[in-house]
Each structure stands twice: as structure tokens, then as C-alpha cells.
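Student: starting from these lines, generate the structure:
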Amino acid sequence: MRPEQKQIFITFRGMKTFTAILILTALIGCSPQKKETPLSDMKTVNPSQLELYVMKNANGVSMAVTNLGGRIVMLQVPDKNGKLGDIVLGYDSLEQYIEGNKYFGAMIGRYGNRIAKGKFTLDGKEYQLAVNNGANALHGGLVGFNNVLWRMQPKAIEGGQALEMTYSSPDGEEGYPGTLNVQVTYTLNDANELIIDYKATTDKTTILNLTHHSFFNLAGEGSGDILNHEFTINADRYCPVDEGLIPTGELRPVTGTPFDFLQPHRAGERIDMDDQQLKYGKGYDHNWVLNKKGNELSMAARVSEPSSGRVMEVWTTEPGLQFYSGNFLTPKEIGKKGHVYDFRTAFCLEAQHFPDSPNQPGFPSTVLAPGAVYTQRTIYRFSTQ
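Tutor: As a prediction, this is how the structure comes out:
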């Protein structure tokens, strides 16, 4: 890093809107949030509890994170001409984040994706979770980690900036057993990588499947649909689902199907084919079984967008990747600067264990026992072509 290229870390506190991050880019702040807020207090969240951290690397790539759900509310990366653009969907105010799409840019837990009928059995005991997605449980429950206030601590590191977030989920929260202590670290480095490191422990056997839920549009948020984005997914198999988007248990080969992204394909190339799986999800909303050995860090996917030239690679230690093509977005979703987030105007690539794993003995286990440490790493790597 050259001396004149300083990484910037900015802290805003007690703000109703996020628009200041577009103007104030040369300040350095510190003072972190001192405690996390439990689910029972979420109805009383007010602007004085809100914190916003802005990181900027030596190349001008910048990211803003709020303690509300650990959400990434802005991510600016350069296009092929060097022009910066915000590539994640979001809102301009706290009220919108509370009342709008609860998953934009958020940390997801305790269990990312769906659990059939909100039920699972562990050590002979059946647990009932909140049902919040048809007949099933989705993304942790009625509130989930995406709507709690995390404790946040900025960290200076070599070649970048890091933000450490912690949350302690009490035994029984949302129906899950065990007191779960979670640590998530966002790192923005000078290689234009967003690295997400996860760590968790429990005092009682439980299940856990953490993930991150940014909604991306590499042409820039609010710039139209993502159907011309070109996707490559390193997976020979995927998990077919039923009409409730619960995996059937089969690991189906992608060969000869619209789920074959071993070679690059545009998102819109086959998304409206007469395929029952695509009909169930109104497009892509499935888990791909990644080609890898164990929990090695390996490339899961590559996405490119032709007009901007932006490229995003996803690397992960997780066994699965959920590709969601924004099929449940509607014109009622009004985001940043009044942009309309319509049908298929964003995509998500969520590194994860498989949906409904607690009820699928053939899937990799999501059980976490006392004394064990849950870890995973996911990297979003940005470049141009």
C-alpha cells in the first residue's frame, strides 16, 4: 500500500438514514456498540441504537455495515472503466430496513434456508420452530439474526480493514436449543475481497447453518434485471425440491438440465424453460452441491456482467451454494434513491449447508455439540474483464 492510500474506517452512530455514507468518506471513527439486543427488544429499536461502519480499501472499494442484523447496506466496487457503483440492494432509512425486505444484506441464523414444517429431532427430542414461510421455517425464524443488534468492533489488519461482530443467542431463542455464541468477521482487503469468517460455540447440542444474504446486481443496484449476468457454478449436482422448496433428499445430476452451470450461462437463458423445478421456485432458488473435498476453501461460483465488466467470484469452505434469482421481488419494493426492485432485479449466492439437513440423514450434518467449534469462511472476490 502506498503511503497516500489509506484505508478508511468511519463510524456513524444514532442515525435515521444512511445517505451520509455517500458524502463523508475521509473521517476515521472507532467507538463500537457495547451490547447486542435480544429478539424480545426488537420492537423498541430506535435510531440512537443504530451504528454504521464504513470501510474503504486502498483501491477505493468501500462497504458500509450496520449493527442491525450485521447488514451490508452499501458495497461500491469499480466497473471496467474504474467508475464505482453500489452493487447491493438496500434502503435509505432505518424505518425501511425494519419494515421492508428483512434479508437485504443480512447475516442469517440460526439456520439459513428452510426446515420442513419447522420441526427437527435432536437426541430423541422433537423441537418446534416458528413457521414463517408457508408451512416451513425460513432463515432462523420470525426475527432471526438478521434483525438483532450485533455488538461490533472495528479491527485494523495488514492490507485491509476488519469488523468483528458478536451475538449471544440464549437457549430456546426461536425454539433452538443451547446458548449459542456467534462471532462473524467482515474483512475488506486490498485484493478487493470481502471475506466473511464465522465462528460459533454452544453449551447444548444444537443445529447451526449460518450464511450471508446480500442481494447483488453487478450492473448496479436499481439498474434492471440480472438476466444477462453470466453464471458459472462448480457443481455436478443440485438438490431438487418439492412445491414448498424443501429438498426431496435426492442429489440430482445437473447434466442435461437448466441447472447445469459448469460452463457459463446467462441467468435468463433457460430460466423460463418448461421445467418443474424452475416452476416451483419461479426461477432459480435451489442448493447446488459443490464439487470439493471436505471443507477445503474452493471456488463455488463466478458471475460476470457484460455492460459494467464487473466480475464476482465466490469461494467457500461450505458444501453447498444457494443460487436465488430474485424471483420473489416485486415492484412494491422501493429501495435506495427510490429505485424499484422488481422481479429478478438481483441475485443471491449463499454459501451454506443444505436446506432441511436436520431432517435429511443423507445430507452433511449441521449438528453442533458442546466443546466443538463451528467455523466457515466465504470470500466474495471482485474484479473486471
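Student: so how far does stretch 287-296 reach from one end to the other?
Tutor: Start-to-end span of stretch 287-296 (C-alpha to C-alpha, to the nearest Å) is 18 Å.
Student: residues making contact with that stretch?
Tutor: Stretch 287-296 has contacts (C-beta atoms under 8 Å, 6 or more residues apart in numbering) with 113, 233-239, 247, 251, 254, 259, 261, 298, 300, 316-323, 352, 354-355, 376. Placement of C-beta: from N, CA and C, glycine included.
Student: just the ones of these in strands?
Tutor: Among the contacts of stretch 287-296, the members falling in strands (DSSP state E) are 233, 235-239, 298, 300, 316, 320-323, 352, 376.
Student: for the stretch 201-350 of the chain, what spans make up the strands?
Tutor: Per DSSP state E, counting those that start in this stretch, the stretch 201-350 of the chain carries strands over the ranges 206-207, 211-213, 230-233, 235-239, 252-253, 265-266, 285-290, 298-304, 310-316, 320-324, 348-352.
Student: and of those, who's closest to residue 195?
Tutor: strand 310-316 (9.1 Å; C-beta to C-beta).
Student: distance from that closest one to the middle of the chain?
Tutor: Relative to the mean C-alpha coordinate of its chain, strand 310-316 is positioned 13 Å out (C-alpha atoms, centre = their mean, to the nearest Å).
Student: return the angle between stretch directions for it and strand 320-324.
Tutor: With axes from the mean of the first three to the mean of the last three C-alpha atoms, to 10 degrees defining the directions, strand 310-316 sits at 140 degrees from strand 320-324.
Student: what lines up beside strand 310-316 in the sheet?
Tutor: strand 298-304 (antiparallel), strand 374-384 (antiparallel) (DSSP bridges).
Student: just checking, residue 356 touches residue 118?
Tutor: No: applying C-beta atoms under 8 Å, one finds residue 356 not in contact with residue 118, separated by 10.6 Å.
Student: wait, residue 301 touches residue 231, no?
Tutor: Yes: because the distance of 6.6 Å satisfies C-beta under 8 Å, residue 301 is recorded as touching residue 231.
Student: overlap in contacts, those two.
Tutor: 261, 323.
Student: so which residues of the protein form helices?
Tutor: 94-99, 276-281 (DSSP state H).
Student: what would the ones you listed look like in TSV with distance to residue 214 and mean neighbour count?
Tutor: Conversion of the helices of the chain to TSV gives the following (distance: least, C-beta to C-beta, whole Å; neighbours: other C-beta atoms under 10 Å):
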stretch	distance to residue 214	mean neighbour count
helix 94-99	14	17
helix 276-281	19	16
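Student: which residue, other than its chain neighbours, is closest to residue 212?
Tutor: residue 196 (5.6 Å; C-beta to C-beta, 6 or more residues apart in numbering).
Student: thinking again about what came up before, looking at residue 356 and residue 118, which one has more neighbours?
Tutor: Set residue 356 next to residue 118 and count neighbours by other C-beta atoms under 10 Å: residue 356 wins out with 27 against 20.
Student: closest one of the ones in strands among the contacts of stretch 287-296 to residue 155?
Tutor: When the ones in strands among the contacts of stretch 287-296 are compared for distance to residue 155 (C-beta to C-beta), residue 376 wins out at 18.9 Å.
Student: what separates that closest one from residue 235, distance-wise?
Tutor: 17 Å (C-beta to C-beta, to the nearest Å).
Student: quick one: residue 316 from residue 365, how far?
Tutor: Distance from residue 316 to residue 365, by C-beta to C-beta: 17 Å.
Student: what do you get for residue 251?
Tutor: Counting by C-beta to C-beta, the gap from residue 251 to residue 365 is 15 Å.
Student: ok, the two, which is more surrounded?
Tutor: Set side by side, residue 251 and residue 365 show more neighbours around residue 251, with 17 against 11, by other C-beta under 10 Å.
Student: what sits against the more buried one?
Tutor: Counting by C-beta under 8 Å, 6+ apart, residue 251 has contacts 237, 238, 239, 289, 362.
Student: so the second one makes contact with residue 286?
Tutor: So the one you mean is residue 238. Yes: the pair residue 238 / residue 286 is scored as a contact, 5.4 Å apart, by C-beta under 8 Å.
Student: mutual contacts of those two, please.
Tutor: Joint contacts of residue 238 and residue 286 (C-beta under 8 Å, 6+ apart) are residue 259.
Student: just the pLDDT for the nearest residue in space to residue 355 that is not next to it in sequence.
Tutor: Once flanking residues are discounted, residue 355 sits nearest to residue 113: 3.9 Å by C-beta to C-beta, 6+ apart. Listed pLDDT for residue 113 reads 97.
Student: next, count neighbours for residue 113.
Tutor: Neighbourhood size, residue 113 [other C-beta under 10 Å]: 28.
Student: distance of it relative to residue 318?
Tutor: Residue 113 sits 12 Å away from residue 318, going by C-beta to C-beta.
Student: now list whatever residues contact both of those two.
Tutor: Counting by C-beta under 8 Å, 6+ apart, the contacts common to residue 113 and residue 318 are 211, 352.
Student: rewinding a little: which stretch in the helices of the chain has the least confidence?
Tutor: helix 94-99 (a mean of 85).
Student: can I get the CA coordinates of it in PDB?
Tutor: In PDB, the C-alpha atoms belonging to helix 94-99 read as follows (Å, rounded to 0.1, in the frame of the first residue of the first chain):
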ATOM      1  CA  LEU A  94     -33.800   2.600   9.400                       C
ATOM      2  CA  GLU A  95     -37.600   2.500   9.100                       C
ATOM      3  CA  GLN A  96     -37.400   0.900   5.600                       C
ATOM      4  CA  TYR A  97     -35.000  -1.700   6.900                       C
ATOM      5  CA  ILE A  98     -37.300  -2.600   9.700                       C
ATOM      6  CA  GLU A  99     -40.500  -2.600   7.600                       C
END
